[in-house]
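> Pasting the sequence and the predicted coordinates here, then a few questions.
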Amino acid sequence: MKEMFRIHDKKCEKVTEKVRAGLGQRFLSLSLLAYDMVGLTLSPESLLETAEYLRDTPGLEFQFLSCLSGVDRQDRLEVVYHLHSLTAGVSLQLTVSLPNDRPEVDSVTSIWPGANWYEREAYDMYGIVFRGHPNLTRILTDDEFVGHPLRKSYWTEGGLV
Amino acid sequence: MFDFLSQEPVRVVLALLLTFGFLIGSMLILLYLERKIAAFIQDRHGPHHVGKWGLLQAVADTFKLLLKEDVISANVDRRVFIMAPVVFFSPVIAAFAVLPFSKDLTAINLNVGVIYLMALGSLDVLGLIMAGWSSNNKYSLIGGFRAAAQMISYELPLGLSFVVPVMLAGSLSLVDIVHAQDHYWFVLIQPLALVTMFTAGLAETNRNPFDLPEAESELVAGFMTEYSGLRWAMFFLGEYGNMIVVSSVAATMFFGGWHGWLLPGILWFLAKVYIFLCLFMWIRSTLPRLRADQLMSFGWKVLIPLTLVNLVVTSFVILLLPDAYQLPLGIISWALMLAFVFSFRRVVFPRRVSKSLEFRRTA
Amino acid sequence: MKLIEHHPIESKVAGLRTEEMLLNMGPQHPSTHGVLRLVLQISGETVTDVTPVIGYLHRGMEKIFENRTYLQGIRYTNNIDYLSQMINEHAFVGAVEQLLNLDVPRRAEYIRVIVDELQRIASHLVWLGTYLLDLGAFTPINYCFRDRDEILEMFETLGGSRFNVNYMRVGGVLADLPMGFLGRLEKFLHRFIHTVDELEELIGGNEIFEVRTMNVGRMSPELGIAYGISGPCLRASGVNFDIRTFRPYSIYPELGVVPQVEVSGDAFARYQVRMNEMRESVRLIQRAIEGLPGGPVRARMPHLLRPPKGESYYTVESPRGEMGYYLISDGSTNPYRAKVRPPCFVNLQILPELLRGARIGDVVSVLGSIDIILGEVDR
């Protein structure tokens, strides 16, 4: 198991250096989250170009979008992207923070088409608006549903949280 | 008293009553047999609650269907809707009139028996179209049209396969065909016609692997969607009746009808018919379903050319050697059939594995 | 709900106006594998567009997780992918253990792998049976379920329940293997290897099955990777992506997993991949049984777990693809956020791409070959 950690550490270091070199100062934080996961925090404005850079640069090639989650941190909303690089063997967690009153961010469906339903779900559950999404409608709840269920302020058992 | 019974009108009526009874009885037996055979192949029990070994299952099912509420949707074309099962079922009963159960037990010895059967087969299609159209339902309509297309397409190979025993016997009457098999059964010299006839018969009766019109797990639920209770039972029994007719014709034309040793002819006939029926059910439980276009292309591009070739070859051999055509015809026919069966995979369903694209193998 | 624009198509015959038809494969349908609604836009026999409508089985699992403790949450993971439940449990407890930075006892890891691979076999058997039922063959489902029943009986001896077993815990498994379990397992494996061959001969060699699955629903690897498809669907297109080798977890590195890959990318290739995966699972279980160590099966944990603040994203290879849990802990007894990464949710997105231009008869074939579980799609 230790051997595996060492190999992954090296891969992660290489990826981290490449990302740092390519993005310059346009990220908020870059760290090693787990033995095979690099963590990157961005501001919402630089999302699209960073995503394109991550997907297309040889050596990085984060072409596989594994997961796209919304998170309600009460003072802000977050969108967390998990990416896999099949060639580099490394995963990346990309976090974008959005203000509560206007949670808008660019849609990444033009970069990873698989984000389509993920973003619809994030919109459905959290109310995050993805600019440029081809069909941003509710997906899991029914069409007449009011509210965004996964927000911490949504009614849950025992009354309002 | 028996003189009275053997007078022509009385004999006909009695024969018809007997065939009707045979029909209904057979259908009940088939219901049970189908479920038991399917269960046996699928490694399970089948019906075993109702009566010893589940023998009364068919009776229970019949009672259930008789007692069901008669539901007719509001927007259907009422008269056509009600008539469709009747139009589907009647030709089946009518077909039983010419089947040669035994030397003295043929209801009517029509001298154009084969043509009569073909005509009745075409009438069945009308019932399907009526059912599909009158149900006022997209799915039933598509199902009805598909069923009609399938049945019409497969009547051609069926008819062409019928012509071969007719040529060998020299008569269109079913009784004469049986008489012509006094010395040898036609299957020995023309197995290919039997194979094509049986395949076309599978498609004519809407049985697996050609049961797309009534498939529940396909997109369209079939032309029988809106029917329930006794009306549905008539479609169902009509299908079984069709199966019995096809099996009887196969037994008559290729296996010598009532010919056999020791036992009375009727028992031999019934045995042969039931062997074919079990074959129907065996195939049903074993094969998956063909897609609609594959079904049609198989019928038109494979079966019809094959039956035509068979017909031409048979006629040539009979013409060239009018006295001793049996052996050459047998050799040619068996060779053709074996070639067809073994080249089936390559010719009929060519494995279309494409040239693979440039695939990248990643870490 | 406005779904698809109607476009009247001008037919080649002058003056004959044809329209595309909207056909609904409603939520209740024998072959949509659950409550899935497919709105098909068809023109004659060709499907021009498909819109899957999901959400009929949405139960708010992720919200439920936030209101239960970690121990209570394990039981809910079973209901998400209800055909490979313990693999879900593995992903969830794995995520918690990553938060705690916990080392699970070796024996527990081996037992987890044995159980996971048995789940994989059971799930693939259900897939095979139901896929063939959709295609019109009534018999194989009985053979598949006959073998699956043996697996479920073994699960009953393990955790008390055949189906939603709730066997894994944070730090290990619920209890050790009962007496006689390994013997029964080995007998089953000996028999099952021959059953797989028998099924392959019965099904794979059948011309009608071949003609209904070959060249049907071809997916190129670029499309698969772009959409985030994982599991047998992606491996059938030639991409060697298996979480057990990409992000190794548990003791898979020691067992040496060989991901099964095919290149054609059609429904037949997916069938082959799954059959080969069943064989590979049998091999893995046999190796795990050989190497099974002694020791405890559960690390000592406090009853009420309070993992430290942090996040973890733990993925496992479920029979349908990459299953993962993204857990955020705020130090309390309940997860702050538990996001399920559902493989079928993502895999279902590719259905419109695969069906554009296909025939109606292919809809069922392609949908079945993707292998979806609505519990996972909707959560």
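Noted; the coordinates are in hand.
> Could you list the low-confidence segments of the stretch 51-200 of chain B?
For the stretch 51-200 of chain B, applying pLDDT under 70 flags the ranges B:107.
> Close to chain C: what parts of it are there?
Residues of the stretch 51-200 of chain B lying close to chain C (CB under 8 Å from any CB of the partner chain) are B:Lys138. C-beta: built from backbone N, CA, C; applies to glycine.
> mind listing what the residue of the stretch 51-200 of chain B found nearest chain A touches?
Nearest residue of the stretch 51-200 of chain B to chain A: B:Lys138, at 24.1 Å (CB to the nearest CB). Residues near B:Lys138 by CB atoms under 8 Å, 6 or more residues apart in numbering or on different chains: C:Met21, C:Leu23.
> Can you name the residue of the stretch 251-379 of chain C nearest chain B?
Counting by CB to the nearest CB, the stretch 251-379 of chain C gets nearest chain B through C:Gly361, at 3.7 Å.
> Just read off the phi/psi values of that residue.
The phi/psi pair for C:Gly361 (degrees, to the nearest 10) reads phi -60, psi -20.
> and the nearest residue to it once chain neighbours are set aside, how many neighbours?
Nearest residue to C:Gly361, sequence neighbours excluded (CB to CB, 6 or more residues apart in numbering or on different chains): B:Arg291, at 3.7 Å. Look at B:Arg291: counted by other CB atoms under 10 Å in any protein chain shown, it has 24 neighbours.
> Pull out the buried residues from stretch C:133-152.
Going by neighbour count (16 or more other CB atoms under 10 Å in any protein chain shown), the buried part of stretch C:133-152 is C:133-145, C:147-148, C:150-152.
> ah, wrong one, I meant stretch B:127-144
Buried positions in stretch B:127-144, judged by neighbour count with 16+ other CB under 10 Å: B:127-135, B:137, B:139-144.
> Work out the gap between that stretch and the centre of the chain.
22 Å (CA atoms, centre = their mean, to the nearest Å).
> Also stretch C:274-290?
17 Å.
> Output it as CSV, nothing but the C-alphas.
Extracted C-alpha coordinates of stretch C:274-290, given in CSV (Å, rounded to 0.1, in the frame of the first residue of the first chain):
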residue,chain,number,x,y,z
ARG,C,274,-20.1,-8.7,-18.5
MET,C,275,-19.8,-12.4,-19.1
ASN,C,276,-16.0,-12.1,-18.8
GLU,C,277,-16.4,-10.0,-15.7
MET,C,278,-18.3,-12.8,-14.1
ARG,C,279,-15.4,-15.2,-14.8
GLU,C,280,-12.9,-12.7,-13.5
SER,C,281,-15.0,-12.3,-10.3
VAL,C,282,-14.9,-16.0,-9.8
ARG,C,283,-11.1,-15.9,-10.1
LEU,C,284,-10.8,-13.0,-7.7
ILE,C,285,-12.9,-14.7,-5.1
GLN,C,286,-10.8,-17.8,-5.4
ARG,C,287,-7.7,-15.8,-4.9
ALA,C,288,-9.2,-14.0,-1.9
ILE,C,289,-10.3,-17.3,-0.3
GLU,C,290,-6.7,-18.6,-0.6
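> Need the contact partners of it.
C:110, C:113-114, C:117-118, C:120-121, C:124-125, C:127-128, C:182, C:185-186, C:189, C:192-193, C:196, C:199-200, C:204, C:232, C:251, C:255-258, C:260, C:319, C:371.
> before we move on, the earlier item: how close does the residue of the stretch 51-200 of chain B closest to chain A sit to C:Tyr70?
50 Å (CB to CB, to the nearest Å).
> Confirm B:Pro91 sits in a helix?
Yes: with DSSP: H, G, I helix; E, B strand; the rest coil as the criterion, B:Pro91 is located in a helix.
> Isn't it up against B:Val125?
No: applying CB atoms under 8 Å as the test, B:Pro91 and B:Val125 come out as separate, 9.7 Å apart.
> The residue nearest to C:Gly361 and chain A: what is the separation?
Here B:Arg291 is placed at a distance of 29 Å from chain A (CB to the nearest CB, to the nearest Å).
> Surely that residue and C:Thr213 touch.
No: using CB under 8 Å, B:Arg291 makes no contact with C:Thr213, being 10.5 Å away.
> Tell me the residues of chain A that contact chain B?
A:Leu86, A:Thr87, A:Gly89.
> Output the residue of the stretch 1-150 of chain C whose distance to chain B is smallest.
For the stretch 1-150 of chain C, CB to the nearest CB, closest residue to chain B: C:Gly136, 2.7 Å.
> Please name the nearest non-neighbouring residue to that residue.
B:Arg289 (2.7 Å).
> Show me where chain A has its helices.
A:2-23, A:47-56, A:115-126 (DSSP state H).
> Next: the stretch 251-363 of chain B.
For the stretch 251-363 of chain B, the helices defined by DSSP state H, counting those that start in this stretch occupy B:265-286, B:292-298, B:304-320, B:326-348.
> any idea how far A:Asp9 is from chain B?
17 Å.
> give me the number of residues near that residue?
13.
> likewise A:Gly39?
Close neighbours of A:Gly39, defined as other CB under 10 Å, add up to 18.
> Give me the phi and psi for A:Ala88.
According to degrees, to the nearest 10, A:Ala88 has phi -80, psi -20.
> Can you name the residue of chain A nearest chain C?
Counting by CB to the nearest CB, chain A gets nearest to chain C through A:Gly114 (3.4 Å).
> Show me the shaky parts of the chain.
Using chain A. Those would be A:1-8, A:25-26, A:35, A:156-161, if you go by pLDDT under 70 across chain A.
> wait, chain C
Those would be C:1-19, C:30-32, if you go by pLDDT under 70 across chain C.
> Whatever residue of chain A ends up closest to chain B: neighbour count?
In chain A, the residue found nearest to chain B is A:Leu86; the distance is 4.2 Å by CB to the nearest CB. Close neighbours of A:Leu86, defined as other CB under 10 Å, add up to 18.
> thinking again about what came up before, with mean neighbour count as added columns, please give the helices of the stretch 251-363 of chain B in CSV.
Compiled in CSV, these are given as follows (neighbours: other CB atoms under 10 Å in any protein chain shown):
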stretch, mean neighbour count
helix B:265-286, 18
helix B:292-298, 18
helix B:304-320, 16
helix B:326-348, 15
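> Could you export those helices as CSV, including distance to B:Phe254 and mean pLDDT?
Putting the helices of the stretch 251-363 of chain B into CSV (distance: least, CB to CB, whole Å; pLDDT from 0 to 100) gives the following:
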stretch, distance to B:Phe254, mean pLDDT
helix B:265-286, 9, 88
helix B:292-298, 22, 83
helix B:304-320, 13, 89
helix B:326-348, 11, 77
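> Quick one: closest of the ones you listed to B:Leu158.
Closest to B:Leu158 of the helices of the stretch 251-363 of chain B is helix B:304-320 (CB to CB; 8.6 Å).
> got the residues of chain C near chain A?
C:1, C:54-55, C:58, C:60, C:62-63, C:66-67, C:98, C:225-229, C:239, C:241, C:246-248, C:253, C:311-313, C:315, C:322, C:324, C:326, C:328, C:337, C:339, C:341, C:345-346, C:348-349, C:378-379.
> Show me just the buried residues among the residues you listed.
Taking 16+ other CB under 10 Å as the criterion, what is buried in the residues of chain C next to chain A is C:54-55, C:58, C:60, C:62-63, C:66, C:98, C:225-229, C:239, C:241, C:246-248, C:311-313, C:315, C:322, C:324, C:326, C:328, C:337, C:339, C:341, C:345-346, C:348-349, C:378-379.
> Nearest spatial neighbour of C:Val126, chain-adjacent residues omitted?
C:Leu83 (5.6 Å).
> Three-state assignment for the one you found, please.
Applying three-state DSSP: C:Leu83 is coil.
> measure it to chain A for me?
Counting by CB to the nearest CB, the gap from C:Leu83 to chain A is 20 Å.
> pretty sure that residue contacts C:Gly129?
No: using CB under 8 Å, C:Leu83 is not in contact with C:Gly129, being 11.5 Å away.
> still on that earlier bit, go through the contacts of stretch C:274-290 and flag which are in helices.
If you go by DSSP H, the contacts of stretch C:274-290 have C:110, C:113-114, C:117-118, C:120-121, C:124-125, C:127-128, C:182, C:185-186, C:189, C:192-193, C:196, C:199, C:232, C:255 in helices.
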